[in-house]
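In: Sequence first, predicted coordinates after that:
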Amino acid sequence: MAFRCLQKCGGPGVSIIFLVLTYCVVLAHAVASPVHRDPWNYERGLTCKKPIVRKEWRTLSKVEKARYLEAVQCFLVKPAITPKSDAPGVVSRYDDIVATHVLQTFSIHYVGHFLPWHRWFTGVYEKSLRDECGYSGAQPYWDWTIDAKHASDWTKSPVFDPVDGFGKNGPLIPVNQSDPFEVPGRTGGGCVADGAFQNMTVRMGPHDSVSGNPRCLSRDLSPYFAGRYLGMNQTRLTLSQPDFGWFDKVVEGGPSFDASGVHGGGHYGVGGTYGQMGDLYASPADPIFWMHHANLDRVWWSWQVRDLSKRLRDISGPINLMDYNNTLGGNVTLDFQMSVGVNAKNVSVRDTMDIMGGVLCYSYDKLY
Ligand SMILES: *[C@@H]1O[C@H](CO)[C@@H](O)[C@H](O)[C@H]1NC(C)=O
Ligand SMILES: *[C@@H]1O[C@H](CO)[C@@H](O)[C@H](O)[C@H]1NC(C)=O
Ligand SMILES: *[C@@H]1O[C@H](CO)[C@@H](O)[C@H](O)[C@H]1NC(C)=O
Ligand SMILES: *[C@@H]1O[C@H](CO)[C@@H](O)[C@H](O)[C@H]1NC(C)=O
Ligand SMILES: *[C@@H]1O[C@H](CO)[C@@H](O)[C@H](O)[C@H]1NC(C)=O
Ligand SMILES: *[C@@H]1O[C@H](CO)[C@@H](O)[C@H](O)[C@H]1NC(C)=O
Ligand SMILES: [Cu+2]
C-alpha cells in the first residue's frame with residue numbers, strides 16, 4: 001500500500017503522482033483483500049488500528065536518532081518530482097516539500113486552516129520518510145519548554161547536538177543595518193558546521209524564490225526569544241484558550257516579534273534573522289522545522305483532548321490571510337480543501353481534525 005504511487009505503479013492515466021492516504025494500513029489488510037479501491041475515497045472506511053507513536057527527541061535512543069536523521073538525509077538526495085514549471089530550482093524530494101510551503105506561504109499562515117494544514121504537511125513528510133526512505137519510526141517532536149526554562153540553556157538543547165542531533169548554531173554574522181528584521185537576542189547567522197546536516201544544500205528561498213539558490217543551512221539562535229515565547233507559561237496561556245479561534249490566534253501570534261506566540265517562538269528562536277527557520281516562506285528548509293511543528297501539533301492535540309468531542313469539530317478563522325473580520329471572505333469550515341502540491345492528494349480540514357481518524361494515524365507518548 002503506497003502513499004505515493006511510484007513510477008512502476010503508474011499507467012498512462014495514473015502516472016501523475018497520486019497518493020493513497022493510508023497512515024497505518026496494516027499490510028495484511030492489503031494482502032487479504034487485493035481489490036483495487038478508488039484511491040481518492042477508499043481511506044474513508046478505514047480506521048486507525050495501530051497508530052505510530054511520536055516521541056520527544058531526547059527520549060529516543062542513539063540508534064533511533066541516527067535512523068531518523070539517516071531517513072532525512074535519504075530524502076535530501078531523492079530526485080524531485082515537482083514540475084520545473086512550478087519550481088525550476090527543485091533537485092530533491094526535500095526541495096519538493098520546501099517548495100510547496102514557499103508557494104503557498106500566504107494562503108496557509110494567519111488563516112483558520114493554519115494548524116490543520118501544518119498537521120497534514122508534517123504527516124505527509126513523516127509518511128514520505130517511511131515510504132520512500134525506509135524509516136520505520138514516527139516523526140519525533142521537540143518539547144522546547146524543557147530547553148526554554150532557562151534562556152541560557154537554549155543553545156545546549158540535545159536537538160542541537162553536534163554528533164547525535166541537528167547540529168549547532170552558525171557563527172555570529174553582524175546584522176546588516178539595511179536589514180529591517182533584527183530578531184532580538186540573535187547570536188549566530190552563519191552556516192551550520194556540524195551535526196547531520198553540516199553539508200546540506202538549501203535551494204528554495206530566500207523568501208518566495210523557487211528558482212534555486214544553493215547555499216548552506218544556517219541558524220541564528222536567540223536564547224532570549226525562546227525564553228520569552230517557548231516557556232511553559234506561554235504554553236499554558238495557549239492551552240487555556242476557550243475556542244479554536246482564540247487558540248489559533250494565540251499560537252500564531254501577531255505579525256510583529258513582540259506579538260509572537262509559540263509558533264514564532266520556535267521559528268525565530270532557532271532561525272533568528274539569517275537562519276532558514278526565520279524565513280516565513282522557506283523555513284521547512286531547516287530539518288528542525290518538523291520537530292518544531294510536531295510539537296505545535298502536540299500543543300493543539302493537547303488542547304483538543306481537554307474537550308475532545310467538541311474540539312474534534314471546532315474550526316474557525318479566515319480563509320484569507322489575516323481576514324479576521326471576514327471582510328474579504330468567510331471562515332474555514334470542516335469541508336475546506338487543503339493541498340500540499342505534488343506531495344499528497346488534497347484532504348479536507350475534517351480529515352485532519354483527529355490524529356487517529358484514519359487519514360492520519362499517530363499519537364503522542366505524552367501530552368501537555
Ligand atoms: C546589506 O544589504 C544591502 C541591501 O539589501 C545589500 O546590498 C548588501 O550587499 C548587504 N551587505 C552585506 C554585507 O550583506
Ligand atoms: C562534509 O563535507 C566535508 C568536505 O567535503 C567532508 O569532509 C565531511 O565528511 C562531510 N560531512 C558529512 C557529515 O557528510
Ligand atoms: C513567560 O516567561 C518569560 C520569561 O520570564 C517572559 O518573558 C514572558 O513574558 C512570559 N510570558 C507570559 C505569557 O507570561
Ligand atoms: C470567524 O472566525 C472567528 C474566529 O477566528 C470568529 O470569531 C467569527 O465569529 C467567525 N465568523 C463567522 C461568520 O462565523
Ligand atoms: C475588526 O473589527 C474590530 C471590532 O469591530 C476592530 O476593532 C478591528 O479594527 C477590525 N480589524 C480589521 C483588520 O479591520
Ligand atoms: C485542492 O485544494 C486546493 C486548495 O484549496 C484547491 O485550490 C484545488 O482546487 C484542490 N484540488 C482538487 C483536485 O480538489
Ligand atoms: Cu508554515
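Out: The structure has been received and is ready for your questions. Ligands and ions are numbered 1, 2, ... in the order given.
In: From now on I want contacts and neighbour counts done on CA atoms only, so please keep to that.
Out: Fine.
In: The nearest residue to Gly89 once chain neighbours are set aside: neighbour count?
Out: Spatial nearest neighbour of Gly89, chain neighbours left out: Gly212 (3.7 Å); criterion: Cα to Cα, 6 or more residues apart in numbering. Gly212 has 18 neighbours, counted by other Cα atoms under 10 Å.
In: Check the secondary structure at Gly212 for me.
Out: Gly212 falls in the coil class when you classify it by DSSP: H, G, I helix; E, B strand; the rest coil.
In: what's it in contact with, if anything?
Out: 88-90, 203-205 (Cα atoms under 8 Å, 6 or more residues apart in numbering).
In: Three-state assignment for whatever residue of the chain ends up closest to ligand 2, please.
Out: Nearest to ligand 2 in the chain, going by Cα to the nearest ligand atom, is Asn199, at a distance of 4.8 Å. Following three-state DSSP, the label given to Asn199 is coil.
In: ok, it - how many residues close by?
Out: There are 14 residues near Asn199, going by other Cα under 10 Å.
In: What backbone torsions are found at it?
Out: Main-chain dihedrals, Asn199, degrees, to the nearest 10: phi -110, psi 20.
In: quick one: which of the contacts of Gly212 is nearest ligand 4?
Out: Proximity to ligand 4 was ranked across those by Cα to the nearest ligand atom; first place goes to Gly205, at 29.7 Å.
In: Confirm for me that that closest one is in contact with Tyr281.
Out: Yes: Gly205 is within contact range of Tyr281, at 7.0 Å (criterion: Cα atoms under 8 Å).
In: Can you tell me which of the contacts of Gly212 lies closest to Lys249?
Out: Within those, the smallest distance to Lys249 is 26.2 Å, found for Gly205 (Cα to Cα).
In: which SS class is that closest one?
Out: Three-state call for Gly205 (three-state DSSP): coil.
In: Out of the contacts of Gly212, who's the most crowded?
Out: Met204 (34 neighbours).
In: Nearest residue to that residue in space, please, no chain neighbours.
Out: Once flanking residues are discounted, Met204 sits nearest to Val210: 5.1 Å by Cα to Cα, 6+ apart.
In: before we move on, what about Gly317?
Out: Nearest non-adjacent residue to Gly317, counting by Cα to Cα, 6+ apart: Gly112, 3.7 Å away.
In: What pLDDT is listed against that neighbour?
Out: For Gly112, the pLDDT comes out at 98.
In: now Ile16
Out: Reading off the model, Ile16 has pLDDT 30.
In: go on, Pro255?
Out: Predicted confidence (pLDDT) for Pro255: 85.
In: Next, work out how far apart it and Asp248 are.
Out: 14 Å (Cα to Cα, to the nearest Å).
In: Between the two, point out the one with more neighbours.
Out: Asp248 (24 against 11).
In: check whether the helix or strand harbouring that one contacts ligand 3.
Out: Using DSSP states H and E, Asp248 falls within helix 244-252. No: judged by Cα under 6 Å from any ligand atom, helix 244-252 stays clear of ligand 3, getting no closer than 10.1 Å.
In: what ranges do the helices span in the protein?
Out: Shown for the chain, the helices assigned by DSSP state H span residues 27-32, 62-77, 93-108, 114-133, 144-148, 223-229, 232-239, 244-252, 262-271, 288-305, 308-311, 349-352.
In: Show me which positions of the fifth one end up buried.
Out: Of the residues in helix 144-148, those with enough neighbours to count as buried (16 or more other Cα atoms under 10 Å) are 144-145, 147-148.
In: Over to the third one?
Out: By neighbour count, and taking 16+ other Cα under 10 Å as the criterion, the buried residues in helix 93-108 are 93-103, 105, 107-108.
In: now swap in the fourth one and tell me
Out: For helix 114-133, the neighbour count (16+ other Cα under 10 Å) marks 114-130, 132-133 as buried.
In: The residue of the stretch 151-300 of the chain found nearest ligand 4: what's it in contact with?
Out: Nearest residue of the stretch 151-300 of the chain to ligand 4: Gly245, at 3.8 Å (Cα to the nearest ligand atom). Going by Cα under 8 Å, 6+ apart, Gly245 touches 112, 315-317.
In: how many other residues sit next to the closest residue in space to Arg130 that isn't next to it in sequence?
Out: Closest residue in space to Arg130, ignoring its immediate chain neighbours: Ser136 at 5.8 Å, by Cα to Cα, 6+ apart. Look at Ser136: counted by other Cα under 10 Å, it has 16 neighbours.
In: Check whether Ser136 really touches Lys127, as I assumed.
Out: No: the criterion here is Cα under 8 Å, and Ser136 misses it with Lys127 at 9.7 Å.
In: Poorly predicted segments of the stretch 1-150 of the chain, please.
Out: The model of the stretch 1-150 of the chain has pLDDT under 70 over residues 1-46.
In: For this structure, what lies in contact range of ligand 2?
Out: 196, 198-199.
In: got these as a markdown table, with pLDDT and distance to ligand 6 columns?
Out: Putting these into a markdown table (pLDDT from 0 to 100; distance: Cα to the nearest ligand atom, whole Å) gives the following:
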| residue | pLDDT | distance to ligand 6 |
| --- | --- | --- |
| Ala196 | 97 | 34 |
| Gln198 | 96 | 35 |
| Asn199 | 92 | 34 |
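In: circling back: Throw the buried residues of helix 93-108 into TSV and include distance to Trp301, thanks.
Out: Formatted as TSV, those follow (distance: Cα to Cα, whole Å):
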residue	distance to Trp301
Arg93	28
Tyr94	26
Asp95	28
Asp96	27
Ile97	24
Val98	24
Ala99	27
Thr100	24
His101	22
Val102	26
Leu103	27
Thr105	23
Ser107	23
Ile108	19
